[in-house]
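Peer 1: quick one, fold the following:
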Amino acid sequence: MSKLNNRKINRISILLFAACYLFLFCDTSYANLTSLSFETKFDTGGYNSGVMQDRDGFIWVACSNGLVKYDSYGITTYKKGGENSLSSNQISCVFEDSDGLIWLSALSDGINTYDKKTGEFTQFHSNDPGRPTISSDKNCWSNKLFAEDQNGDIWYGS
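Peer 2: Presented below is the predicted three-dimensional model:
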């Protein structure tokens, strides 16, 4: 294992230990906290595979039930259903680029982008004549990665 991975594991272990210690052994009676609850039930209705908070504070969840956005008041679920919608309900990765465009990996159905300004999705497939394409529409549920380089180019690891 590399030194970097060992450092990450050590940091995570220390944080988990500290959280458990504080939870189990610290006196919290001074906080007058009797219960903690959320007014909005956050149920995506599917298997959650990716989560991200965008620059506007919204929480985006990639899941097997589409794309879910939480705005602190409620949830909005985006699903497959037409030309300006998702290409699949099974989304495995979510990423925001420097322009605020949301990038999504759709299981076995290409890549999608969501423009928050227009509210429209754009689909990218391996067989789109005359448009930028991807090498394959076939993606699995394994870890996906979108990244943006300093030139603004988007990279996708499948």
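
Peer 1: ok, so what distance separates T113 from M52?
Peer 2: Noted for T113: a distance of 14 Å to M52, by C-beta to C-beta, to the nearest Å. Heads up, the C-betas are built off the backbone N, CA and C, glycines and all.

Peer 1: helix or strand right after the helix or strand of the chain with the lowest mean pLDDT?
Peer 2: Within the chain, no helix or strand scores below helix 3-25, which has a mean of 56 by mean pLDDT, DSSP states H and E. Proceeding N to C from helix 3-25, the next assigned helix or strand is strand 48-53, under DSSP states H and E.

Peer 1: now do that next one: which elements does it pack against?
Peer 2: Strand 48-53 sits against strand 59-63, strand 91-96, with contacts defined as 3 or more C-beta pairs under 8 Å, 6 or more residues apart in numbering; DSSP states H and E.

Peer 1: give me the mean pLDDT for stretch 114-132.
Peer 2: Stretch 114-132 shows a mean pLDDT of 79.

Peer 1: for stretch 43-50, same thing?
Peer 2: On average, the pLDDT along stretch 43-50 is 78.
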